[in-house]
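Trainee: just the structure for this:
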Amino acid sequence: MKRWSVLLAGLAFLFVAMPAEETEAQVTFGPQAIFWDLDRPGVGARVDIGLADSFGIDEGFFEELKASINGSYVFGESESFPGGSASWNVIVINANAVVPFEVDAAITPFAGAGINHTRFSSSISNGGFGGFGFTGTFSGLNLLGGIEFGLGDLPAFTELQYSTSGAGYLTLGFGVMFGG
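Mentor: Numbers count the residues shown, from 1 in each chain. Predicted coordinates for the structure are as follows:
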């Protein structure tokens, strides 16, 4: 619970720190597919919010600064054995600051960093004689890089992210965005 409080306090600070003047932040959103630790599939959603205008940045390295917030459900495994079963799954939440790099190409590379919260759940049941479960939560830091590109008429992205949560893991993600 303490980690969720820290995450929510950080997000609240981000919005409180924005200038009080009226700004129109560009907001895009969309579905994403991930490969958690590069081998477990998952699905989720992502929201990107333009921050440069809110902070009065109109030129320089951070002129396209944005917040990228996403959450994903990772499909774990479920095994049956004589007299019982076992299963596990993972929920991942990320809040990152992302900076795109302008290049003369059909793609736009980006890099970013942020915070991560991972929830791992497992359970074992043994055929009516009870069972037990384990839930662990881990928070950490993210480093990421990727590219934005056009997928027909839709803006799309792919990214590789390293998170320090738990023992650390890599996530490969892909998605499309709407809005803006």
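
Trainee: which strand is the longest one in this structure?
Mentor: strand 131-151 (DSSP state E).

Trainee: buried residues, that strand. List them.
Mentor: For strand 131-151, the neighbour count (16 or more other CB atoms under 10 Å) marks 137, 138, 139, 142, 144, 146, 147, 148 as buried. Backbone N, C-alpha and C define where each C-beta goes, glycine included.

Trainee: can you add distance to residue 178 and pLDDT and give these back as CSV?
Mentor: As requested, those are exported to CSV (distance: CB to CB, whole Å; pLDDT from 0 to 100):
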residue, distance to residue 178, pLDDT
137, 31, 94
138, 31, 94
139, 29, 96
142, 24, 96
144, 21, 98
146, 18, 98
147, 18, 97
148, 14, 95
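
Trainee: strands along the chain, start to end?
Mentor: Using DSSP E, strands in the chain cover 27-36, 40-50, 66-74, 78-81, 84-100, 107-125, 131-151, 154-163, 169-176, 178-179.

Trainee: and residue 60, which of these is closest to it?
Mentor: When those are compared by CB to CB, strand 84-100 sits nearest residue 60, at 10.5 Å.

Trainee: on contacts alone, who are the packing partners of that closest one?
Mentor: Under the contact definition 3 or more CB pairs under 8 Å, 6 or more residues apart in numbering; DSSP states H and E, strand 84-100 sits against helix 2-16, strand 27-36, strand 40-50, strand 66-74, strand 78-81, strand 107-125, strand 131-151, strand 154-163.

Trainee: chain center to the fourth one: distance?
Mentor: Distance of strand 66-74 from the chain centroid (CA atoms, centre = their mean, to the nearest Å) equals 3 Å.

Trainee: ok, that strand: who's next to it in the sheet?
Mentor: Applying DSSP bridges to the sheet, strand 66-74 is found paired with strand 40-50 (antiparallel), strand 84-100 (antiparallel).
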